[in-house]
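Student: The following comprises the amino acid sequence and a computationally predicted model.
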Amino acid sequence: MVVRWLRPALGDLARITARIERDNPRPAEVLAQSIREKTARLATYPFLGRASEQDDVRELVVHENYLVSYRVRREAIEILQIWHAAQERGGRP
């Protein structure tokens, strides 16, 4: 199974790392790498995350402050969005 990052999720990752990078470049790099490694596991274990309030969306905790919304499709795992734990969910995906 392939893990495919959708454009909104890539934008989320870029914004998160850019915000952290202003003050702490190395931790930003480590966080981005960690998120990518944890989402890559979904290729082997697509149901690793918990079910969300949306029927076809699952959530994976990738850091104590961040979780990823994703969807399991026949041909790929789609990474939809990255959320901060304090962020209210409900807009996208």
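Tutor: The structure has been received and is ready for your questions. Computed from a predicted structure; not experimentally measured.
Student: count of residues packed around residue 20?
Tutor: Neighbours of residue 20 under the rule other Cβ atoms under 10 Å: 17. Using the backbone N, CA and C atoms, a C-beta is placed for each residue, glycine as well.
Student: likewise residue 4?
Tutor: 14.
Student: Check the gap between it and residue 11 for me.
Tutor: 15 Å (Cβ to Cβ, to the nearest Å).
Student: Secondary structure of residue 78: a helix, I assume?
Tutor: No. Going by DSSP: H, G, I helix; E, B strand; the rest coil, the assignment for residue 78 is strand, not a helix.
Student: and it, what is it in contact with?
Tutor: Residues near residue 78 by Cβ atoms under 8 Å, 6 or more residues apart in numbering: 4, 6, 70-71.
Student: run the last query once more with 6 Å
Tutor: Neighbouring residues of residue 78 by Cβ atoms under 6 Å, 6 or more residues apart in numbering: 4, 6, 71.
Student: just residue 69 next, same as before
Tutor: 57, 59, 80-81, 93.
Student: Name the helix or strand for it, please.
Tutor: strand 66-72 (DSSP states H and E).
Student: so what strands line up beside that strand?
Tutor: strand 58-63 (antiparallel), strand 76-84 (antiparallel) (DSSP bridges).
Student: Out of these, flag the one nearest residue 16.
Tutor: When those are compared by Cβ to Cβ, strand 76-84 sits nearest residue 16, at 6.3 Å.
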